[in-house]
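>>> my questions concern the predicted model and sequence given below.
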Amino acid sequence: SLTAGIVGLPNVGKSTLFNAITKAGAQMANYPFATIEPNVGVVEVPDVRLVRIQEIEPADKVVPTTFEFTDIAGIVKGASKGEGLGNKFLENIRQTDAIIQVVRAFEDSEITHVSGKVDPLEDIETLNTELIIADLDHVNNRYSKVEKAAVNSKDKEAIAEYQLLKKIKPVLEAGEPVRSLEFDTDEAKIVHGLFFLTDKPMLYVANIAEDDMADPSQSPLYQVVADYAAKDHAEVIGLAAKTEEEISEMAESDKADFLEMAGVQEAGLNRLIRTAYHLLGLRTFFTAGGKETRAWTFKAGMKAPQVAGIIHSDFERGFIRAETVSYTDLDQLGSMAAVKAAGKLRSEGKEYLVADGDIINFRFNV
Ligand code: GDP
């Protein structure tokens, strides 16, 4: 499954955020894997649609879909030079599908900052420089070999890669990430195969003061992070990690009261989960009408048989059709019977591109 790696300089609140994630953790009974690595936090993806579907088509059980975060410790200045646990750190990032960079955006004289002052921009640049240098090393390691093959042997694959390396190198040298470039489908395939760190989608989490929770944009430190994210082809959210950790330990009813008093619409952790989910191009479909109402994760662009395979490989192998209702139709019409009467129950075939919010009953041969 896909995972988002949490990174950041020391003392910015990574562990605090990761604790909030694990404390809010998914009901393990719903999680099919027996052992989870200690640095992996599994959370339920909050989705109000699940509640509404359950109200319309009550089942014994409601099962949300889940999402994984991985805690990646160990960044230091000079990581790309192999200092400290540098190499391992970069290798761990390489294994993730998106990067969540926690940035300190709160003042607190009690908590030491590694470089002596709270400066989100400098922190971001310190970390990103390591990623860019690692990618540039990667380009340089391949460059002359690929160039030779492209020029001498006229090898098609080498030519394609050489063209891309020529395009990517100056961008990295200018301090920009690979993801700032546009690629067509064929190019993107090659680029993804090269596993650049700065090709991965990035989400900046500004760890703001509790007082700024109601409106992060009021915080100048948050604004610095947001401005940088906009230029960096990245997303941003603001949350107060320490408060989120406290919230994740509260009972549901206390949570709602606390958030209302703080003037916050939704817990920061929920926003983090939703943003990371979308950053990875993840979508949700539902199954209902049986013993359980359940949400499942698929990747945008998947066709019906592939999506069926997420539930069970037999569903994909014997796929016949997908009886599909969109959530919006079910929500508006209020019952499955009304959906059918309105002709909104669709029978979709092998080529159907599943949409976010589809409620599907797969028909298959065993
Ligand atoms: P890490 O090294 O990035 O994992 O940082 P930690 O999560 O261990 O946090 C470093 C220190 O900052 C700890 O003492 C935390 O309690 C504190 N801290 C983390 N988040 C916040 C926050 O939002 N506000 C304040 N005031 N302190 C925080």
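Arrived safely.
>>> looking at this, V12 is in a helix?
No: with DSSP: H, G, I helix; E, B strand; the rest coil as the criterion, V12 is assigned coil and is not in a helix.
>>> mind listing what it touches?
Residues in contact with V12 (Cβ atoms under 8 Å, 6 or more residues apart in numbering) are V102, V103, R104, D123, N207. (C-beta placed from N, C-alpha, C; glycine too.)
>>> one more: L172?
Contacts of L172 by Cβ under 8 Å, 6+ apart are I132, D135, L136, V139, V178, T198.
>>> assign a three-state SS to the last one, would you?
What three-state DSSP gives for T198 is helix.
>>> ditto for the first one
Going by three-state DSSP, the secondary structure assigned to I132 is helix.
>>> related to what we said a few turns ago, and the contacts of V12 as JSON lines, adding pLDDT and neighbour count?
Formatted as JSON lines, these follow (pLDDT from 0 to 100; neighbours: other Cβ atoms under 10 Å):
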{"residue": "V102", "pLDDT": "97", "neighbour count": "25"}
{"residue": "V103", "pLDDT": "96", "neighbour count": "28"}
{"residue": "R104", "pLDDT": "95", "neighbour count": "26"}
{"residue": "D123", "pLDDT": "93", "neighbour count": "23"}
{"residue": "N207", "pLDDT": "97", "neighbour count": "26"}
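>>> among the residues you listed, which are in reach of the ligand?
For the ligand, the contacts drawn from those by Cβ under 6 Å from any ligand atom are N207.
>>> just the contacts of V12: which are in strands?
Among the contacts of V12, DSSP state E puts V102, V103, R104, N207 in strands.
>>> excluding chain neighbours, what is closest to the residue of the stretch 251-366 of the chain found nearest the ligand?
Residue nearest to the ligand within the stretch 251-366 of the chain: G268 (9.9 Å; Cβ to the nearest ligand atom). Excluding its sequence neighbours, the residue lying closest to G268 (Cβ to Cβ, 6 or more residues apart in numbering) is L239, at 2.8 Å.
>>> next, the contact list for the one you found, please.
By Cβ under 8 Å, 6+ apart, the neighbours of L239 are L17, V205, A206, N207, I208, M213, P216, G268, L269, R271, L272.
>>> for it, give me phi and psi.
Dihedral pair for L239: phi -150, psi 160, per degrees, to the nearest 10.
>>> next: K200.
Taking degrees, to the nearest 10 as the convention, K200 sits at phi -70, psi 140.
>>> find the nearest non-adjacent residue to A295, please.
A295's closest residue in space is T65 (Cβ to Cβ, 6+ apart), at 4.1 Å.
>>> report how many residues lie close to the one you found.
21 (other Cβ atoms under 10 Å).
>>> can I take it that E187 is in a strand?
No: E187: not assigned to a strand; according to three-state DSSP it is helix.
>>> circling back: what pLDDT is listed against the residue nearest to G268?
L239 carries a pLDDT value of 96.
>>> got it, and the one 3 residues further on?
In this model, K242 is scored at 95, pLDDT.
>>> that one: what's it in contact with?
Here K242 is in contact with G13, T16, E210 (Cβ under 8 Å, 6+ apart).
>>> could I get whichever strand or helix holds G238 in CSV with only the CA atoms?
Element membership for G238, per DSSP states H and E: strand 235-239. The C-alpha trace of strand 235-239 is given here as CSV (Å, rounded to 0.1, in the frame of the first residue of the first chain):
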residue,chain,number,x,y,z
GLU,A,235,0.7,21.7,-0.6
VAL,A,236,0.6,23.2,2.8
ILE,A,237,-1.5,22.9,6.0
GLY,A,238,-1.1,24.4,9.4
LEU,A,239,-1.7,22.5,12.6
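>>> neighbouring strands - and their directions - for that strand?
strand 202-208 (parallel) (DSSP bridges).
>>> please tell me I have it right and Q101 contacts A206.
No: Q101 lies out of contact with A206 (Cβ atoms under 8 Å); the separation is 9.7 Å.
>>> what residues sit buried inside stretch 192-210?
The neighbour-count criterion (16 or more other Cβ atoms under 10 Å) identifies 194, 196-209 as the buried residues of stretch 192-210.
>>> and which of the contacts of V12 is nearest the ligand?
Using Cβ to the nearest ligand atom, these come closest to the ligand at N207, 4.9 Å.
>>> can you tell me the closest non-neighbouring residue to that closest one?
Residue nearest to N207 in three dimensions, not counting chain neighbours: G13, with 4.1 Å by Cβ to Cβ, 6+ apart.
>>> my guess is that neighbour contacts T243, does it?
No: using Cβ under 8 Å, G13 is not in contact with T243; the gap is 10.6 Å.
>>> the more surrounded of these two?
Taking neighbours as other Cβ under 10 Å, G13 and T243 compare with G13 leading, 25 against 20.
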